[in-house]
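**Student:** Quick one, what's the 3D model for this:
(one chain, ligands or ions: 1)
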Amino acid sequence: MSLSKKTIKSLFQMKQDGQPISMLTAYDYTIAGIIDRAGIDMILVGDSLSNVFQGNDTTLPVSLEEMIYHTKAVMKGVKQAFVVVDMPFGSYQVNETEAIKNAITLLKATNAPAVKLEGGQTMVNTITKLVQSGIPVMGHLGLTPQSIHQLGSYEVQATLPSARETLIADAQALEKAGCFAIVLEKIPADLATSISKLLTIPVIGIGAGNGCDGQVMVINDLLGLDASFKPKFVRKYLNLNVAISEAIQLYKADVTNKHFPSAEESY
Ligand code: KIV
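**Tutor:** Numbering: from 1, shown residues only. Presented below is the predicted three-dimensional model:
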């Protein structure tokens, strides 16, 4: 399969053509390569790596250096997908200068083309400055995991009329500030559909129904790597935790019974 390299322009064209955009997270070279060769349009080096890779309860602990480490590995595996890197908690909230400095560090060190950050109207000045500096920014609204201590839970967001209005205003503000796309996480499907229609930039949903311009999933969820994680919006395309466990048990039995390695597997 020959795939053309995805750009902001081609993603924008996909929205205009009504062609759904696929996006997945990746945190390492091998998985990024598999995702890329499968033709996924966008890859997110998500700060969800704090949860699924580092084993933290929240996305807050992951550092800029750790995001750089994982993004460098991902970039080596990617040929065609458009890569977006999450700016970690604390790297863009202090002030605009810090945000620009950290975004530049992230892009220079990794060669990734774009960053993602969380927040609505309060982030407009920061996003404007980043975009003015030539840095493509993806917004993230709805459930914003970096604000978990303020939100109090990972419940669905923007269910009340006032919160719905605020979210629409936030989305419009992000588009106006120059975001090339936004993620909408865990909000009612009808609201995500309305916002997708309202904005000219691509709107990528996660737990936001089928009316968005595209969908994003955490790769570990798609592969079913964590048997205990079963939110309603996750579709497990594999039960890889079971397959891995079975393979490891077979290996252990073979080692214990001295069936591995065989003569053919020896020098
Ligand atoms: O970090 C992440 O994986 C994300 C997705 C949930 C959109 O931000």
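
**Student:** got the residues of this protein near the ligand?
**Tutor:** Taking Cβ under 6 Å from any ligand atom, the part of the chain that reaches the ligand is made up of 25, 44, 46-48, 86, 140, 183, 185, 206, 216, 218. Where you see a C-beta, it was placed from the backbone N, CA and C, and this is true even at glycine.

**Student:** are any of those buried, and which?
**Tutor:** For these, a burial check counting by 16 or more other Cβ atoms under 10 Å picks out 25, 44, 46-48, 86, 140, 183, 185, 206, 216, 218.

**Student:** how about the strands of the stretch 101-250 of the chain, start to end?
**Tutor:** 114-118, 137-142, 181-185, 203-206, 214-217 (DSSP state E, counting those that start in this stretch).

**Student:** Pipe those into a markdown table and attach distance to L191 and mean pLDDT per row.
**Tutor:** What follows is those, written out as a markdown table (distance: least, Cβ to Cβ, whole Å; pLDDT from 0 to 100):
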| stretch | distance to L191 | mean pLDDT |
| --- | --- | --- |
| strand 114-118 | 18 | 98 |
| strand 137-142 | 9 | 98 |
| strand 181-185 | 8 | 98 |
| strand 203-206 | 10 | 98 |
| strand 214-217 | 16 | 98 |
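
**Student:** what would these look like in TSV with distance to Q172?
**Tutor:** Shown next, in TSV, are those (distance: least, Cβ to Cβ, whole Å):
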stretch	distance to Q172
strand 114-118	17
strand 137-142	11
strand 181-185	10
strand 203-206	12
strand 214-217	19
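
**Student:** R164: which of those strands is closest?
**Tutor:** With Cβ to Cβ as the measure, strand 137-142 is the member of the strands of the stretch 101-250 of the chain nearest R164 (10.8 Å).

**Student:** For that closest one, name the packing helices and strands.
**Tutor:** Applying 3 or more Cβ pairs under 8 Å, 6 or more residues apart in numbering; DSSP states H and E, we find strand 137-142 packed against strand 114-118, helix 124-132, helix 161-177, strand 181-185.

**Student:** Looking at the second one now, give me its mean pLDDT.
**Tutor:** What that stands for is helix 124-132. For helix 124-132, the mean pLDDT works out to 98.

**Student:** Report the inter-axis angle for it versus helix 161-177.
**Tutor:** Comparing the axes of helix 124-132 and helix 161-177 via axes from the mean of the first three to the mean of the last three Cα atoms, to 10 degrees yields an angle of 30 degrees.

**Student:** So which bits of helix 124-132 are buried?
**Tutor:** Going by neighbour count (16+ other Cβ under 10 Å), the buried part of helix 124-132 is 124, 126-130.

**Student:** so which of those residues comes closest to the ligand?
**Tutor:** Set against the ligand, the nearest of the buried residues of helix 124-132 by Cβ to the nearest ligand atom is I127 (16.1 Å).

**Student:** contacting residues around that closest one?
**Tutor:** By Cβ atoms under 8 Å, 6 or more residues apart in numbering, the contact set of I127 is 117, 137, 139, 174, 177-179.

**Student:** can you check D190 too?
**Tutor:** Neighbouring residues of D190 by Cβ under 8 Å, 6+ apart: 209, 211.

**Student:** Report the separation between it and Q121.
**Tutor:** 22 Å (Cβ to Cβ, to the nearest Å).

**Student:** Next: K5.
**Tutor:** According to Cβ to Cβ, K5 stands 33 Å off from Q121.

**Student:** more crowded one of the two?
**Tutor:** In this view K5 and Q121 are compared by other Cβ atoms under 10 Å, and Q121 has more residues nearby, 13 against 10.

**Student:** quick one: that one and A171 touch, right?
**Tutor:** No - the criterion here is Cβ atoms under 8 Å, and Q121 misses it with A171 at 10.0 Å.

**Student:** For V156, which of the strands of the stretch 101-250 of the chain is the nearest?
**Tutor:** Closest of the strands of the stretch 101-250 of the chain to V156 is strand 137-142, at 8.5 Å (criterion: Cβ to Cβ).

**Student:** Taking the stretch 51-200 of the chain, what residue is nearest to the ligand?
**Tutor:** For the stretch 51-200 of the chain, Cβ to the nearest ligand atom, closest residue to the ligand: V183, 4.7 Å.
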